[in-house]
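**Q** Task: produce atomic coordinates for the following.
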Amino acid sequence: MDFLILVFAVALVTLWLSTETGAYLCRTRGRMEEDERAALGVILTAALTLLALIIGWDVLQAGHPPPIYSNGRATRLCRGRRCCPSE
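**A** Sure, this is the predicted structure:
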């Protein structure tokens, strides 16, 4: 939490630079052909799907954090029964 503003600033600058780079490349390269546009659509769909899966997994884990055990034996015992053995 100490570096929250720093992380936000770095992310903002990175996104801004990537937007500027994309706009520059669009101006210098010109229009895309139809097969290039179709390939970009596939890549964009795959990237957005992966992003949705990562966000969904993070939300799921935030709601149910994994239990922390003191030793490996207890972890193996708890995986099968979904509970922590009394020590």
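
**Q** So for L50, what's the pLDDT?
**A** pLDDT recorded at L50 is 95.

**Q** Any idea how many residues pack against it?
**A** Neighbourhood size, L50 [other CB atoms under 10 Å]: 10. Yep, even glycine has a C-beta here, placed from its N, CA and C like the rest.

**Q** can you give me the strands in the chain?
**A** Taking DSSP state E, the chain contains no strands at all.

**Q** any idea how far the residue most central in space within the chain lies from L60?
**A** The centroid of the chain falls nearest to I54 when counting by CA atoms, centre = their mean (4.5 Å). The spacing between I54 and L60, counted by CB to CB, to the nearest Å, is 11 Å.

**Q** domain ranges for this protein?
**A** 1-30, 34-79 (automatic domain parsing).

**Q** between the ones you listed, which gets the lowest average pLDDT?
**A** For the domains of the chain, the weakest mean pLDDT is recorded on domain 34-79, namely a mean of 78.

**Q** Surely M32 and L40 touch.
**A** Yes. Applying CB atoms under 8 Å, one finds M32 in contact with L40, separated by 7.0 Å.

**Q** Run through the helices of this protein in chain order.
**A** With helices called from DSSP state H, the chain shows them at 4-29, 34-63, 72-81.

**Q** Quick one: neighbours of L44, just the number.
**A** L44 has 10 neighbours, counted by other CB under 10 Å.

**Q** Distance check, it against L12.
**A** For L44, the distance to L12 equals 22 Å [CB to CB].

**Q** now do L51
**A** 18 Å.

**Q** Equivalent analysis for A47, please.
**A** 20 Å.

**Q** Kindly report the same for L25.
**A** Plainly put, L25 is 21 Å away from L12 if you go by CB to CB.
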